[in-house]
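Enquirer: Okay, predicted coordinates and the sequence, questions at the end:
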Amino acid sequence: MKLSKTLLFLFFSVVILSCKNEKPKVAVVKIEAGIKISDGVKIIPITHGTLIIETETEVIYIDPTGGKEAFEGQKDPTLVLITDIHGDHLSTSTLEALVLENSTVVVPKAVADKIPSTIVTSPKILNNGEILTLNDITIEALPMYNLRAEALKFHTKGRGNGYVLTIKSERIYISGDTEDIPEMRSLKDIDIAFVCMNLPYTMTVESAASAVLEFKPKRVYPYHYRGTEGLSDINLFKGLVNKGDKSIDVIFLDWY
């Protein structure tokens, strides 16, 4: 009898743990060579908060992580943007493994302080509120930080960068690790937004949806949505956004 109860307890424990970390059932877009988002611009999701934006002349790596193998078959970067100091955004071992001879590496000062000069000799430091133009791409650094009292320890205001890239006529927002801060809510004329949503580090899907409904990007890609309890419910995010505004296109990509 005791053995039966023990086996039953183990069975339900496995079921509960499996459900907690179960991947949300979503229709993802499987990516091979990238998905075209406009004339001559495509995006390639790598993992979690790591992606590539490729134009006719530029290959932009954003928060490259995962080692050299994560970028097998990809073109070498001409531009690297890093948002923050945490390991899922700044991976010095990945930077060391990449070919960066012809790359400009753009980072906030807190990130620059953590990259050995043997890996990146002269990173361009861009802090909140600053703007840089490189080869016809305009890069604007925005704040990214936490609002909830219990999460303030994760991302302090002024340390990391979100970015708005202007490529041709497209304005692309990359949130980095943030909550639904006023600087996000007040964004204007965003064509494409990559918005994070994972607890306890960033924000809930409800907060992310509320912010998106306020700044109204034309298209939004949920990314960076793995937290300590598994993957966030991006189907709920899509439902909330489209209930509030059917004109906003919520698109799922294969990050995990």
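Expert: Structure received.

Enquirer: Show me how far the helix or strand hosting Leu236 is from its chain's centre.
Expert: Here Leu236 sits within helix 234-244, counting by DSSP states H and E. Its chain's C-alpha centre and that of helix 234-244 lie 19 Å apart, by Cα atoms, centre = their mean, to the nearest Å.

Enquirer: Is Gly87 in contact with Thr65, as I believe?
Expert: Yes - between Gly87 and Thr65 a contact is recorded at 7.4 Å, counting by Cβ atoms under 8 Å. All C-beta atoms are positioned from the backbone trio N, CA, C, and that covers glycine.

Enquirer: Out of the two, name the residue with the larger neighbour count.
Expert: A direct count of neighbours by other Cβ atoms under 10 Å for Gly87 and Thr65 places Thr65 higher, at 22 against 11.

Enquirer: Spatially nearest residue to that one (excluding sequence neighbours)?
Expert: Excluding its sequence neighbours, the residue lying closest to Thr65 (Cβ to Cβ, 6 or more residues apart in numbering) is Ser91, at 4.2 Å.

Enquirer: go on, Gly49?
Expert: With sequence-adjacent residues excluded and distances taken as Cβ to Cβ, 6+ apart, Gly49 is closest to His224, at 4.2 Å.

Enquirer: repeat for Arg185
Expert: Glu214 (4.5 Å).

Enquirer: Same question for Lys68.
Expert: Per Cβ to Cβ, 6+ apart, closest to Lys68 is Ala97, 3.8 Å.

Enquirer: swap in Pro116?
Expert: Leaving aside its chain neighbours, Pro116 sits nearest to Thr92 (6.6 Å; criterion: Cβ to Cβ, 6+ apart).

Enquirer: correct me, but that neighbour touches Pro123?
Expert: No - contact between Thr92 and Pro123 fails when scored by Cβ under 8 Å: they sit 11.9 Å apart.

Enquirer: residues shared between the contacts of those two?
Expert: Shared contacts of Thr92 and Pro123, defined by Cβ atoms under 8 Å, 6 or more residues apart in numbering, comprise Ile115.

Enquirer: what about the two, which has more around it?
Expert: Pro123 (21 against 14).

Enquirer: Pull the contacting residues for the more buried one.
Expert: Counting by Cβ under 8 Å, 6+ apart, the residues that Pro123 touches are Val105, Val106, Val107, Val111, Ala112, Ile115.
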